[in-house]
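# Quick one, structure for this:
(one chain, ligands or ions: 1)
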Amino acid sequence: MKISNIQKSLQNLITGEVWGDDEILKFYSVDASLYQIIPKVVVIPKTENEVISVVKFANKNRVAVTARGAGTGLVGSALNDGIIIDLKNLIQLVLKKIMLR
Ligand SMILES: Cc1cc2nc3c(=O)[nH]c(=O)nc-3n(C[C@H](O)[C@H](O)[C@H](O)COP(=O)(O)OP(=O)(O)OC[C@H]3O[C@@H](n4cnc5c(N)ncnc54)[C@H](O)[C@@H]3O)c2cc1C
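Here you go, the predicted structure:
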């Protein structure tokens, strides 16, 4: 699947952000490790359901998908050449759920 098609499909799928600009891709191509891998697309979903939709899309279209938290991993685990899901918007949701337990 073409990169532009992946971006368009994801834009139609979620209301969160979908990025394909070079600067953004470069930012997400590194974490706290020494590695660099340029992703095809970066998405910043707004809800859990949007995360699920992106993962289903990635699975259906055989595109690698990786969750990213703060990007502080030391071995490049938050990097890939497919879709990066930035979960920073959802941290409050996760914290609320933990506090309600
Ligand atoms: C200065 C420094 C000191 C550190 N000290 C320690 C230490 O003392 N002990 C220690 O254990 N670690 C330490 N680390 C490592 C780092 O803090 C951990 O790897 C951290 O848990 C990574 O979290 P992150 O949200 O930044 O994940 P990322 O770096 O974004 O991703 C790391 C991995 O977690 C996955 N991931 C991220 N978010 C999610 C999610 N919501 N759901 C599922 N998978 C997800 C990613 O896919 C990736 O595989 C240190 C790092 C730095 C930079």
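# Give me the buried positions along the lowest-mean-pLDDT helix or strand in the chain.
The helix or strand of the chain with the lowest confidence, counting by mean pLDDT, DSSP states H and E, is helix 91-100 at a mean of 76. With burial defined by 16 or more other C-beta atoms under 10 Å, not one residue of helix 91-100 is counted as buried. Every C-beta, even on glycine, is put in place using the N, C-alpha and C of the backbone.
# cool, stretch 68-80 as well?
Judged by neighbour count (16+ other C-beta under 10 Å), stretch 68-80 contains these buried residues: 68, 71, 78, 79, 80.
# does any part of the least confident helix or strand of the chain sit near the ligand?
No. Contact between helix 91-100 and the ligand, assessed by C-beta under 6 Å from any ligand atom, is absent, since the two come no nearer than 7.3 Å.
# Just the CA atoms of that helix, as CSV, please.
Written as CSV, here are the backbone C-alpha positions of helix 91-100 (Å, rounded to 0.1, in the frame of the first residue of the first chain):
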residue,chain,number,x,y,z
ILE,A,91,-2.3,9.0,29.3
GLN,A,92,-4.9,11.0,31.3
LEU,A,93,-7.5,8.3,30.4
VAL,A,94,-5.2,5.5,31.6
LEU,A,95,-4.4,7.4,34.9
LYS,A,96,-8.1,7.9,35.5
LYS,A,97,-8.8,4.2,35.0
ILE,A,98,-6.0,3.2,37.4
MET,A,99,-7.2,5.7,40.1
LEU,A,100,-10.8,4.3,39.8
